[in-house]
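**Q** just coords:
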């Protein structure tokens, strides 16, 4: 039986994107089934005293997350395809880092078309129509790991973690070995974290 992996993401997060492309590589070399579910950096950072420029990026991040929530409710089998299309645009083709509400409207429309999803799903990007559901998805992730984290959140078996945070995407057996190590750590009930200072941003390109 395939091993279950739950993966919570925010489309705009480059670290979540790098980790998601790793887990897609793992699918090629390990018997796993990955379920992608949205969470939201905009929800996570509500009410926090943050840099004004970052807050503008959080305004932009609402749109992609809301559309992801809409898809997760109405066409959950397409969440992966939408995330891949959005991630390639934002992180592979340099369309990320936008600021302000509605900043990703054009990218969202293109991603929906690429994923074979109804164009009208884009309508929720600038409304609060699915915010309750988005918060539900988000809170599901936070309930697994606590609120001192960001994205991604990955659940391996019965245990979830923030991360792993990677900046390069391993492929082939190396991807599988990293997964095996993460699973082994998750199996130990008293393991909580490993951390060191990060020296680079994710080095990613367009990926399937």
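**A** Nice, thanks for sending it over. Since we're looking at a predicted model, the values are computed, not measured.

**Q** now the helices for this protein?
**A** Listed in chain order, the helices of the chain (DSSP state H) span residues 14-29, 41-44, 52-74, 79-87, 105-115, 131-145, 172-187.

**Q** Can you tell me what sits against the shortest one?
**A** To tie it back to what came earlier, the one meant is helix 41-44. The contact list for helix 41-44 (CB atoms under 8 Å, 6 or more residues apart in numbering) reads 10, 12-13, 58-59, 61-62, 65, 134-135, 138, 142, 147, 150-151. All C-beta atoms are positioned from the backbone trio N, CA, C, and that covers glycine.

**Q** ok, the nearest residue to residue 91 once chain neighbours are set aside - how many residues close by?
**A** Nearest non-adjacent residue to residue 91, counting by CB to CB, 6 or more residues apart in numbering: residue 17, 4.6 Å away. Neighbour count of residue 17, defined by other CB atoms under 10 Å: 28.

**Q** Quick check: the gap between residue 17 and residue 187.
**A** Applying CB to CB, to the nearest Å, the value for residue 17 to residue 187 is 27 Å.

**Q** Kindly report the same for residue 89.
**A** Taken as CB to CB, the span from residue 89 to residue 187 is 36 Å.

**Q** Tell me which of those two has more neighbours.
**A** Comparing residue 89 with residue 187 by other CB under 10 Å, the one with more neighbours is residue 89, at 22 against 12.

**Q** hang on, that one packs against residue 95?
**A** Yes - using CB atoms under 8 Å, residue 89 is in contact with residue 95, at 4.7 Å.

**Q** Residue 81 versus residue 40, what's the distance?
**A** Relative to residue 81, residue 40 is positioned 19 Å away (CB to CB).

**Q** more neighbours, the two?
**A** When neighbours are counted by other CB under 10 Å, residue 40 and residue 81 differ, and residue 40 comes out ahead with 29 against 18.

**Q** could you list every residue that touches the closest residue to that one other than its chain neighbours?
**A** Leaving aside its sequence neighbours, residue 40 sits nearest to residue 65 (CB to CB, 6+ apart; 4.2 Å). Residues in contact with residue 65, defined by CB under 8 Å, 6+ apart, are 10-12, 38-43, 134.

**Q** For residue 65, report the pLDDT, please.
**A** Predicted confidence (pLDDT) for residue 65: 98.

**Q** separation between it and residue 30?
**A** According to CB to CB, residue 65 and residue 30 sit 28 Å apart.

**Q** Repeat that for residue 187.
**A** Using CB to CB, residue 187 is found at 15 Å from residue 30.

**Q** Kindly report the same for residue 185.
**A** Residue 185 sits 16 Å away from residue 30, going by CB to CB.

**Q** now residue 152
**A** To residue 30, residue 152 is 18 Å away according to CB to CB.

**Q** These two - which one has more neighbours?
**A** Shown here are residue 152 and residue 30; by other CB under 10 Å, residue 152 has more neighbours (26 against 18).

**Q** Quick check: closest non-adjacent residue to the more buried one.
**A** Setting aside the residues directly before and after it, residue 152 is nearest to residue 16 in space (CB to CB, 6+ apart), at 3.9 Å.
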